[in-house]
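**Student:** return a 3D structure for these sequence lines:
(one chain, ligands or ions: 1)
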Amino acid sequence: MKELLLIPGPTPVNGTVLEALSQETISHVSDKFVDIFKSAHNKVKILFGAKDSMPFIIAGSGTLGMEMALTNILDDNESLLVISHGFFGDRFVELGTALGLKVDILKAKPGEAVSLEEISKKLRSKYYSAITVTHVDTSTGALADIAKIAEVIKRESSDTIIVIDGVCATGGVEEKMDEWGLDVIFTGSQKAIATPPGLTMLAFSKRAIERRKTLKKTRTYYGDILRWIPIVEDPRKYFATPAVNMVFALEKSLREIIDSGLKDYFEKHNLLSRKIRNSMAILGFELLSKNSPAPTLSVFKYPDGVNDDGFRKLLGEKGVVVASALGEMKGKYFRMGHMGSLTEEELFIALKRIIEVLEEMGIKVNKGEVLEVFVES
Ligand code: PMP
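**Tutor:** Numbering: from 1, shown residues only. A predicted model of the protein is given here:
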């Protein structure tokens with residue numbers, strides 16, 4: 001039986017994408033690769049809603065995307081405001097501090113989102129060169145309203161560069177980089193885009209590229225966008241060897257997603273998240289992020305009598321892999337990804353396995369009602 005990988009990344013990869021990945025490796029400056037690389041860059045732009053911004057596809061994980069975002073727009077000692085909805089927001093604080101920036105943080109309670117009023121107040125109190133917001137924080141399942149946050153930032157501090165971490169959102173939630181006025185956005189290959197881990201995709205606005213050009217120095221060599229821009233403009237040029245096979249896989253997956261309709265893909269994520277949340281509620285699992293739930297993953301609190309290790313172990317033995325919670329939620333909650341190539345049928349199977357596990361743990365379950373709620377939601 002195929003394992004159902006329902007952790008919030010990496011996510012299951014379709015056979016067609018694995019086939020693309022396993023093609024013969026070819027020269028990174030061959031016509032064939034150059035065409036595919038160009039096509040992948042164009043598709044990354046579509047994904048981010050980035051007509052006038054420049055896309056980058058770089059070998060490395062999402063954390064490289066975070067690092068490239070900051071090292072390309074900030075000089076030593078500049079001020080950074082981090083809007084944190086959990087573990088991955090906090091990572092920007094660590095990163096900014098390691099880079100010698102002056103970092104302030106606005107942090108929400110687990111599962112909640114920082115309010116627009118708080119952001120507005122903070123921006124009035126001090127000038128920040130840049131602000132980071134995590135679109136979906138993978139530790140809490142909180143979805144940030146990027147359009148509204150960007151509006152507030154533009155109103156209060158129009159020079160502040162806006163950086164969005166889309167690692168657990170892009171592809172599963174709509175992002176309109178240019179329309180919303182975002183400056184830098186990045187994601188990883190291994191979540192809603194349903195490609196193996198290994199690539200970070202970014203886009204920089206014209207303003208962000210100008211920022212890079214005015215920096216006194218940059219603390220990155222490999223991640224310097226000025227070294228990558230010539231490659232984006234003409235993939236025949238060489239700076240550092242692109243991950244040829246990963247680009248095959250990414251291009252294939254993006255082609256499938258875009259050809260079958262990006263809007264439908266977002267809608268699928270909404271539908272699956274609604275179905276699983278409603279069903280799990282009947283089973284007594286409380287959602288951490290009630291007010292702003294993400295369509296890509298859910299963080300569920302165990303009902304009384306269900307222990308974390310036992311639940312995840314039994315479920316794993318039935319071929320369904322979910323993730324432990326992070327930080328203060330560890331042991332009391334678990335995380336379930338429902339993004340990428342996952343189908344309604346697969347999620348339904350996962351729900352049935354969860355019911356079986358609960359029954360084995362001696363919990364009384366109204367199975368018929370739960371399954372009906374899934375189907376009807
Ligand atoms: N940001 C978010 C929102 C994430 O979920 C993750 C990974 N889970 C990262 C950044 C870091 O990405 P990676 O693990 O690919 O370095």
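**Student:** how about Ile349: what's its closest non-neighbour residue?
**Tutor:** Leu4 (6.7 Å; CB to CB, 6 or more residues apart in numbering). All C-beta atoms are positioned from the backbone trio N, CA, C, and that covers glycine.
**Student:** my read: the one you found touches Val322, true?
**Tutor:** No - contact status for Leu4 versus Val322: not in contact, 9.2 Å apart, counting by CB atoms under 8 Å.
**Student:** quick one, which of the two is more surrounded?
**Tutor:** Set side by side, Leu4 and Val322 give different neighbour counts by other CB atoms under 10 Å, the larger being at Val322 (22 against 18).
**Student:** from the chain's centre, how far out does stretch 55-68 sit?
**Tutor:** The gap between the average C-alpha position of stretch 55-68 and the chain average comes to 12 Å, counting by CA atoms, centre = their mean, to the nearest Å.
**Student:** please apply the same query to stretch 321-338.
**Tutor:** A distance of 16 Å separates the C-alpha centroid of stretch 321-338 from that of its chain, computed with CA atoms, centre = their mean.
**Student:** then that stretch to PDB, C-alphas only?
**Tutor:** The C-alpha trace of stretch 321-338 is given here as PDB (Å, rounded to 0.1, in the frame of the first residue of the first chain):
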ATOM      1  CA  VAL A 321       2.100   9.600   8.400                       C
ATOM      2  CA  VAL A 322       1.300  12.800  10.300                       C
ATOM      3  CA  ALA A 323       3.700  15.100  12.200                       C
ATOM      4  CA  SER A 324       4.200  16.000  15.900                       C
ATOM      5  CA  ALA A 325       3.400  19.500  16.900                       C
ATOM      6  CA  LEU A 326       6.200  22.000  17.600                       C
ATOM      7  CA  GLY A 327       7.100  24.100  20.700                       C
ATOM      8  CA  GLU A 328       4.600  24.400  23.500                       C
ATOM      9  CA  MET A 329       2.000  22.400  21.400                       C
ATOM     10  CA  LYS A 330       4.200  19.300  21.300                       C
ATOM     11  CA  GLY A 331       2.500  16.300  22.800                       C
ATOM     12  CA  LYS A 332      -1.000  18.000  23.000                       C
ATOM     13  CA  TYR A 333      -1.500  18.600  19.300                       C
ATOM     14  CA  PHE A 334      -0.500  17.000  16.000                       C
ATOM     15  CA  ARG A 335       0.000  18.500  12.500                       C
ATOM     16  CA  MET A 336      -1.600  17.300   9.400                       C
ATOM     17  CA  GLY A 337      -0.700  18.500   5.900                       C
ATOM     18  CA  HIS A 338      -3.500  18.500   3.300                       C
END
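**Student:** give me the contact list for that stretch.
**Tutor:** 3-9, 11, 86-87, 110, 138-141, 191, 269, 272-273, 276, 288, 295-302, 308, 311-312, 315, 347, 350 (CB atoms under 8 Å, 6 or more residues apart in numbering).
**Student:** how about 6 Å then?
**Tutor:** Where contact means CB atoms under 6 Å, 6 or more residues apart in numbering, the residues beyond stretch 321-338 that reach it are 5-8, 11, 87, 139, 272-273, 276, 297-301, 308, 312.
**Student:** pull out the buried members of these.
**Tutor:** With neighbours counted by 16 or more other CB atoms under 10 Å, the contacts of stretch 321-338 contain buried members at 5-8, 11, 87, 139, 272-273, 276, 297-301, 312.
**Student:** which one of those residues is nearest Thr214?
**Tutor:** Ranked by distance to Thr214 (CB to CB), the buried ones among the contacts of stretch 321-338 are led by Phe87 at 32.4 Å.
**Student:** where does the stretch 1-150 of the chain dip in pLDDT?
**Tutor:** Screening the stretch 1-150 of the chain residue by residue with the criterion pLDDT under 70, one finds the ranges 1.
**Student:** try 80
**Tutor:** For the stretch 1-150 of the chain, residues meeting the criterion pLDDT under 80 lie at 1-2.
**Student:** the strands in it, which residues?
**Tutor:** For the stretch 1-150 of the chain, strands defined by DSSP state E, counting those that start in this stretch occupy the ranges 4-5, 54-59, 79-84, 102-107, 130-134, 136-137, 142-143.
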